[in-house]
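Novice: sequence? don't have it. structure:
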(Lines give C-alpha, C1' and ligand atoms only; values in the text may rest on other atoms or scores of the structure.)
Protein backbone atom coordinates (compact mmCIF):
# COMPACT_ATOMS: atom_id res chain seq x y z
CA UNK A 1 0.00 0.00 0.00
CA UNK A 2 1.37 3.39 -0.94
CA UNK A 3 1.23 6.56 1.13
CA UNK A 4 -1.38 8.02 -1.19
CA UNK A 5 -3.73 5.03 -0.70
CA UNK A 6 -3.41 5.18 3.08
CA UNK A 7 -4.32 8.88 3.18
CA UNK A 8 -7.38 8.47 0.93
CA UNK A 9 -9.06 5.77 2.99
CA UNK A 10 -9.48 7.75 6.24
CA UNK A 11 -10.90 10.70 4.28
CA UNK A 12 -13.47 8.43 2.62
CA UNK A 13 -14.36 6.86 5.97
CA UNK A 14 -14.76 10.29 7.55
CA UNK A 15 -17.03 11.44 4.71
CA UNK A 16 -19.27 8.40 4.95
CA UNK A 17 -19.40 8.50 8.75
CA UNK A 18 -20.18 12.24 8.62
CA UNK A 19 -23.60 11.62 7.09
CA UNK A 20 -24.36 8.78 9.50
CA UNK A 21 -23.19 10.74 12.53
CA UNK A 22 -25.20 13.82 11.45
CA UNK A 23 -28.29 11.64 11.05
CA UNK A 24 -27.82 9.91 14.41
CA UNK A 25 -27.17 13.23 16.15
CA UNK A 26 -30.39 14.59 14.61
CA UNK A 27 -32.38 11.60 15.89
CA UNK A 28 -30.77 12.04 19.33
CA UNK A 29 -32.00 15.66 19.45
CA UNK A 30 -35.64 14.65 18.90
CA UNK A 31 -38.14 14.61 21.75
CA UNK A 32 -40.42 11.61 22.37
CA UNK A 33 -43.43 12.72 20.31
CA UNK A 34 -41.20 14.32 17.73
CA UNK A 35 -39.25 11.08 17.36
CA UNK A 36 -42.46 9.12 16.74
CA UNK A 37 -43.64 11.67 14.17
CA UNK A 38 -40.34 11.75 12.28
CA UNK A 39 -39.54 8.04 12.36
CA UNK A 40 -43.11 7.14 11.37
CA UNK A 41 -42.88 9.56 8.44
CA UNK A 42 -39.48 8.11 7.48
CA UNK A 43 -41.08 4.66 7.50
CA UNK A 44 -43.77 5.89 5.10
CA UNK A 45 -41.06 7.22 2.79
CA UNK A 46 -39.26 3.85 2.89
CA UNK A 47 -42.50 2.02 2.06
CA UNK A 48 -43.11 4.41 -0.82
CA UNK A 49 -39.56 4.02 -2.13
CA UNK A 50 -39.48 0.25 -1.84
CA UNK A 51 -42.99 -0.86 -2.74
CA UNK A 52 -44.28 1.94 -4.95
CA UNK A 53 -41.20 3.14 -6.80
CA UNK A 54 -38.91 0.09 -6.99
CA UNK A 55 -41.26 -2.89 -6.96
CA UNK A 56 -44.30 -1.02 -8.34
CA UNK A 57 -46.58 -3.28 -6.36
CA UNK A 58 -48.40 -1.16 -3.78
CA UNK A 59 -49.08 2.53 -4.36
CA UNK A 60 -49.48 4.84 -1.37
CA UNK A 61 -50.01 8.00 -3.37
CA UNK A 62 -48.26 11.31 -3.50
CA UNK A 63 -50.09 13.10 -0.64
CA UNK A 64 -48.73 10.64 1.91
CA UNK A 65 -45.24 10.89 0.48
CA UNK A 66 -45.35 14.70 0.44
CA UNK A 67 -46.60 14.92 4.05
CA UNK A 68 -44.00 12.39 5.21
CA UNK A 69 -41.25 14.26 3.38
CA UNK A 70 -42.39 17.52 4.93
CA UNK A 71 -42.18 16.08 8.46
CA UNK A 72 -38.73 14.56 7.90
CA UNK A 73 -37.33 17.63 6.12
CA UNK A 74 -38.71 20.03 8.73
CA UNK A 75 -37.10 18.06 11.55
CA UNK A 76 -33.79 17.81 9.74
CA UNK A 77 -33.59 21.49 8.87
CA UNK A 78 -34.84 22.63 12.27
CA UNK A 79 -32.26 20.64 14.20
CA UNK A 80 -29.32 21.06 11.83
CA UNK A 81 -29.81 24.39 10.07
CA UNK A 82 -32.14 26.29 12.39
CA UNK A 83 -35.69 27.47 11.89
CA UNK A 84 -35.66 30.97 13.39
CA UNK A 85 -36.40 32.61 10.04
CA UNK A 86 -39.32 30.31 9.13
CA UNK A 87 -42.66 32.07 8.71
CA UNK A 88 -44.46 29.13 10.38
CA UNK A 89 -43.34 27.65 13.69
CA UNK A 90 -41.51 24.29 13.41
CA UNK A 91 -43.84 22.54 15.88
CA UNK A 92 -46.85 23.72 13.88
CA UNK A 93 -45.41 22.33 10.64
CA UNK A 94 -44.66 18.92 12.15
CA UNK A 95 -47.91 18.81 14.09
CA UNK A 96 -50.16 19.66 11.14
CA UNK A 97 -48.34 17.48 8.58
CA UNK A 98 -48.00 14.56 11.01
CA UNK A 99 -51.62 14.64 12.13
CA UNK A 100 -52.85 14.82 8.53
CA UNK A 101 -50.53 11.94 7.66
CA UNK A 102 -51.95 9.88 10.52
CA UNK A 103 -55.54 10.67 9.56
CA UNK A 104 -54.84 9.84 5.94
CA UNK A 105 -53.32 6.50 6.98
CA UNK A 106 -56.25 5.66 9.27
CA UNK A 107 -58.77 6.60 6.57
CA UNK A 108 -56.90 4.51 3.99
CA UNK A 109 -56.85 1.57 6.39
CA UNK A 110 -60.63 1.73 6.84
CA UNK A 111 -61.19 2.04 3.09
CA UNK A 112 -58.87 -0.82 2.23
CA UNK A 113 -60.28 -3.13 4.89
CA UNK A 114 -63.71 -2.49 3.36
CA UNK A 115 -62.26 -3.27 -0.08
CA UNK A 116 -60.76 -6.60 1.10
CA UNK A 117 -57.11 -5.57 0.95
CA UNK A 118 -56.11 -8.57 3.01
CA UNK A 119 -57.30 -10.96 0.32
CA UNK A 120 -54.45 -9.84 -1.96
CA UNK A 121 -50.90 -11.10 -2.25
CA UNK A 122 -48.32 -11.01 0.55
CA UNK A 123 -46.38 -8.08 -0.92
CA UNK A 124 -49.43 -5.83 -0.82
CA UNK A 125 -50.20 -6.85 2.75
CA UNK A 126 -46.64 -6.22 3.97
CA UNK A 127 -46.50 -2.83 2.21
CA UNK A 128 -49.91 -1.83 3.53
CA UNK A 129 -49.07 -2.79 7.10
CA UNK A 130 -45.79 -0.82 6.90
CA UNK A 131 -47.69 2.15 5.54
CA UNK A 132 -50.38 2.00 8.23
CA UNK A 133 -47.86 1.63 11.05
CA UNK A 134 -45.78 4.54 9.72
CA UNK A 135 -48.68 6.92 9.15
CA UNK A 136 -50.49 6.22 12.39
CA UNK A 137 -47.24 6.36 14.39
CA UNK A 138 -46.44 9.71 12.81
CA UNK A 139 -49.91 11.00 13.61
CA UNK A 140 -49.70 9.89 17.26
CA UNK A 141 -46.25 11.42 17.63
CA UNK A 142 -47.39 14.70 16.09
CA UNK A 143 -50.41 14.76 18.41
CA UNK A 144 -48.06 14.45 21.41
CA UNK A 145 -45.91 17.42 20.37
CA UNK A 146 -46.05 20.45 22.62
CA UNK A 147 -45.17 24.02 21.81
CA UNK A 148 -41.68 24.88 22.93
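Specialist: Okay, I see it. Values in this document were obtained by computation on a predicted structure and should not be read as measured data. Numbers count the residues shown, from 1 in each chain.

Novice: give me the contacts around stretch 101-115.
Specialist: 40-41, 44, 60, 63-64, 67-68, 71, 128, 131-132, 134-140, 142-143 (Cβ atoms under 8 Å, 6 or more residues apart in numbering). Glycine gets a C-beta too; all of them are placed from N, C-alpha and C.

Novice: quick one: buried residues of that stretch?
Specialist: Neighbour counts over stretch 101-115 (16 or more other Cβ atoms under 10 Å) mark 101-102, 104-105, 108-109, 112 as buried.

Novice: excluding chain neighbours, give the residue nearest to residue 29 in space.
Specialist: Residue nearest to residue 29 in three dimensions, not counting chain neighbours: residue 79, with 4.7 Å by Cβ to Cβ, 6 or more residues apart in numbering.

Novice: ugh, wrong one, I meant residue 70
Specialist: residue 97 (4.5 Å).

Novice: for residue 73, see how far away that neighbour is.
Specialist: The spacing between residue 97 and residue 73, counted by Cβ to Cβ, to the nearest Å, is 10 Å.

Novice: might you report the residue contacts of residue 31?
Specialist: residue 145.

Novice: can you do 10 Å?
Specialist: 37-38, 91, 141, 144-146, 148 (Cβ atoms under 10 Å, 6 or more residues apart in numbering).
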